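Student: Fold the following.
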Amino acid sequence: MIVLLHFIQKSWVAMNPFHQYVNVDGTLNDTLVRNREILYTGTNGRHVERFYVSSSESYIFKPLTNDDQEGRERWVYAHVLPALSPIYPRLLAWSDTGADGGGEWMVFEDLGPLHHLHADETLLRAVGLVAWWHALPTDRFAGMPLRGPKPLIQEMVSELYTRKPDVLKLCSSLGLSKQQMQRMYVQLEHLSFSQQLVLSHGDLHPGNYALSGERLMVLDWEHAHLNTPLWDVYHLIDMSHPLFPRRMTSELRIRILDTYVEQLELLGIRVDRTAFMLEYGMFAVVFSLWMLLLITSDLQRIGTNLHRNGDKWSKEQLESQLDETLACLNQCAAMMDWGQAQQCR
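Tutor: Numbers count the residues shown, from 1 in each chain. Have a look, this model is predicted:
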């Protein structure tokens, strides 16, 4: 029996050579891994790591970093990403829960140093990729979920109405006038978002796209789902993140949105530019108001056991994120005013 089990184990490793670098409990095997470095920590406290098996050979080890996403990224790699060009790291090996008996994990190719540059040209290249996967027919993605980890935009609108006193108090403390907020809420009463659904990356914040050499790569597809096109577009352009600060201007935002519309038209999809700009402005205002509530909550929780991120982001990082989100809110509220003026002409 012992000989048979040893033979099975050797055969399993031969077929799946990366399994030898992972223990049965889903952790890296330090007897074979020469060196390792933590890249980031997930919401459940587990680390994504670069590990070396020789001085020149390294890979990326990614355990399940969000307990609610069990099996999602592997499913996306099997059923969704083959439809895309190779703009994502190759998945080389993964756990078999039944065989390994440990936690879920995956091993990816190591793309080397990643540069999270948010220069104009990088953003313009990125929005072209977004337009391309948005143009893919959704009927080829049977089984895709219809939501990611955040509430749907319609649910955010409902929350902004439910918590209107909190929103008004917060925005007043951030320097927005009562007239500005009244105008935003009047506009919210008349907004309606397109019901169109497209393939959405789901979490395209500034940390999830990067340059690897000259290649622009899109990372962490576990939140992929079907959603409005504006979900990815907002995350790419205006979603703030404590670890990846950036500065967006009204001029660059319009340039990126124009590039998105132009790329869709090259792919045979016609878009009413004025209506699209107005809808984006409305979407960004809603999302930014919702984000301001979330960031403020995190700031209030810092130093307490209730803090949702375990204090992994500093007060200074969250305050910078708050300022960035507020700038987006002001600029996109102006877009709404412009779009409505254009429609009335």
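Student: which one is Tyr161 nearest to, not counting chain neighbours?
Tutor: In space, not counting the residues next to it along the chain, Tyr161 is nearest to Leu188; the distance is 7.7 Å by CB to CB, 6 or more residues apart in numbering. C-beta coordinates here come from the backbone N, C-alpha and C atoms, glycine included.
Student: Oh, that last question was meant for Gln180, not what I typed.
Tutor: Distance criterion CB to CB, 6+ apart; nearest residue to Gln180, sequence neighbours excluded, is Ala333 at 6.9 Å.
Student: Distance from the chain centre to the host helix or strand of the one you found, please.
Tutor: Under DSSP states H and E, the secondary-structure element containing Ala333 is helix 315-344. Average the C-alpha atoms of helix 315-344, do the same for its chain, and the two points are 20 Å apart (CA atoms, centre = their mean, to the nearest Å).
Student: Repeat that for stretch 130-138.
Tutor: Between the centre of stretch 130-138 and the centre of its chain there are 17 Å (CA atoms, centre = their mean).
Student: Mind listing what's buried along it?
Tutor: Taking 16 or more other CB atoms under 10 Å as the basis for neighbour counts, the residues of stretch 130-138 that come out buried are Val130, Ala131, Trp132, Trp133, His134, Ala135.
Student: Out of those residues, give me the two with the largest separation.
Tutor: Greatest spacing in the buried residues of stretch 130-138, by CB to CB: Val130 and Ala135 (9.8 Å).
Student: got the phi/psi numbers for the closest residue to Pro17 other than its chain neighbours?
Tutor: In this structure, Pro17 finds its nearest non-sequential neighbour in Ala93, 7.7 Å apart by CB to CB, 6+ apart. Ala93 adopts backbone torsions of phi -160, psi 160, taken as degrees, to the nearest 10.
Student: List the beta-bridge partners for Ala93.
Tutor: Val107 (DSSP bridges).
Student: Phi and psi next, for the closest residue in space to Leu267 that isn't next to it in sequence.
Tutor: Spatial nearest neighbour of Leu267, excluding adjacent residues (CB to CB, 6+ apart): Ala135 at 4.3 Å. Backbone dihedrals for Ala135, given as degrees, to the nearest 10, come out at phi -80, psi -10.
Student: now the helices for the stretch 151-300 of the chain?
Tutor: Listed in chain order, the helices found in the stretch 151-300 of the chain under DSSP state H, counting those that start in this stretch are 153-162, 164-173, 178-189, 229-237, 250-266, 273-301.
Student: angle of whichever strand or helix holds Glu121 against helix 229-237?
Tutor: Take DSSP H and E as the rule and Glu121 turns out to sit in helix 120-134. Compare the direction of helix 120-134 with that of helix 229-237 by axes from the mean of the first three to the mean of the last three CA atoms, to 10 degrees and you get 160 degrees.
Student: what does helix 120-134 contact?
Tutor: 84-85, 87, 198-199, 201, 204, 209, 211, 216, 218, 229, 232-233, 236-237, 252, 255-257, 259-260, 263-264, 267 (CB atoms under 8 Å, 6 or more residues apart in numbering).
Student: what angle sits between that helix and helix 250-266?
Tutor: Our comparison of helix 120-134 with helix 250-266, counting by the same axes, to 10 degrees, yields an angle of 40 degrees.
Student: How much space separates the closest residue to Ala210 other than its chain neighbours from Leu243?
Tutor: Spatial nearest neighbour of Ala210, excluding adjacent residues (CB to CB, 6+ apart): Leu114 at 3.9 Å. In this structure, Leu114 lies at 13 Å from Leu243, with CB to CB, to the nearest Å as the measure.
Student: So for those two, which residue has more residues nearby?
Tutor: The residue with the greater number of neighbours, taking Leu114 and Leu243 and applying other CB atoms under 10 Å, is Leu114; the counts read 17 against 13.
Student: Pretty sure that one sits against Tyr209.
Tutor: No - using CB atoms under 8 Å, Leu114 is not in contact with Tyr209, being 9.4 Å away.
Student: Just the buried ones from the contacts of helix 120-134?
Tutor: Burial by neighbour count, judged by 16+ other CB under 10 Å, picks out 87, 198-199, 201, 204, 209, 211, 216, 218, 229, 232-233, 236-237, 252, 256-257, 259-260, 263-264 from the contacts of helix 120-134.
Student: Give me the residue ranges of the chain where confidence is low.
Tutor: With pLDDT under 70 as the threshold, the chain has low-confidence stretches at 1-15, 97-102, 303-311, 338-345.
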